[in-house]
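Chemist: okay, sequence plus prediction incoming.
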Amino acid sequence: MNTINSSFNGASRTRSAPAVKVTRRQPFAVDVQQHDDLAIVQPHGELDLATVVQLRAALDSIEQAVRLALDLRGLSFIDSSGLHLLVALHHRAQREGFQLTIVMPPPPADRAIELSGLALTLPFVTGTAPTGPDGRTS
């Protein structure tokens, strides 16, 4: 507990500062699975300017997928660089002809997507990601 000494009219008194909860940032990670023509990409943590390069590299490494599921349920945050990546991925899917499904992240990470209007224009779904032949996503 932090102690603050303050003085008012020459009298000294001690009071406690309010406790601050410090949350440790979850390390960013990306899991990629490929089952025949389906690729499932699952990022975990905060998707921001510092981590978007890692997700982009994982997405660029996928070859010969007819269907791509980007499962954002593991995200705790997404910023404008993450939103830009989603738009670029959507354009890539249209250009290269693969089916893109994006699983909406949980609140509050979905807020930027909702406020930007991307929830209405990109192929978002809620719930579960498509599964491979064994029925598993991870």
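Modeler: On my side now, so go ahead.
Chemist: what is the least confident helix or strand in the protein?
Modeler: Averaged element by element with mean pLDDT, DSSP states H and E, the chain has its least confident helix or strand at strand 3-8 (a mean of 40).
Chemist: next up, the contacts around the closest residue to residue 61 other than its chain neighbours.
Modeler: For residue 61, the nearest residue in space outside its immediate sequence neighbours is residue 32; the separation is 7.1 Å by C-beta to C-beta, 6 or more residues apart in numbering. Every residue, glycine included, has its C-beta placed from N, CA and C. Taking C-beta atoms under 8 Å, 6 or more residues apart in numbering as the contact definition, residue 32 lies against 39, 40, 41, 42, 58, 61, 62.
Chemist: same question, residue 56
Modeler: Applying C-beta under 8 Å, 6+ apart to residue 56 gives the contacts residue 85.
Chemist: next: residue 62.
Modeler: With contacts defined as C-beta under 8 Å, 6+ apart, residue 62 is in contact with 32, 34, 39, 41, 68.
Chemist: ok, residue 55 next?
Modeler: Taking C-beta under 8 Å, 6+ apart as the contact definition, residue 55 lies against 30, 41, 43, 47, 82, 85.
Chemist: kindly report the same for residue 64.
Modeler: Listed by C-beta under 8 Å, 6+ apart, the contact partners of residue 64 are residue 37.
Chemist: how far away is it from residue 77?
Modeler: 32 Å (C-beta to C-beta, to the nearest Å).
Chemist: quick one: the strand or helix carrying residue 75 to chain centroid distance?
Modeler: Applying DSSP states H and E as the criterion places residue 75 in strand 74-78. Averaging C-alpha coordinates over strand 74-78 and over its chain gives two centres that are 3 Å apart (C-alpha atoms, centre = their mean, to the nearest Å).
Chemist: average model confidence for that strand?
Modeler: The pLDDT scores in strand 74-78 average 96.
Chemist: paired strands for that strand, with orientation please.
Modeler: When pairs are called by DSSP bridges, strand 74-78 turns out to pair with strand 38-47 (parallel).
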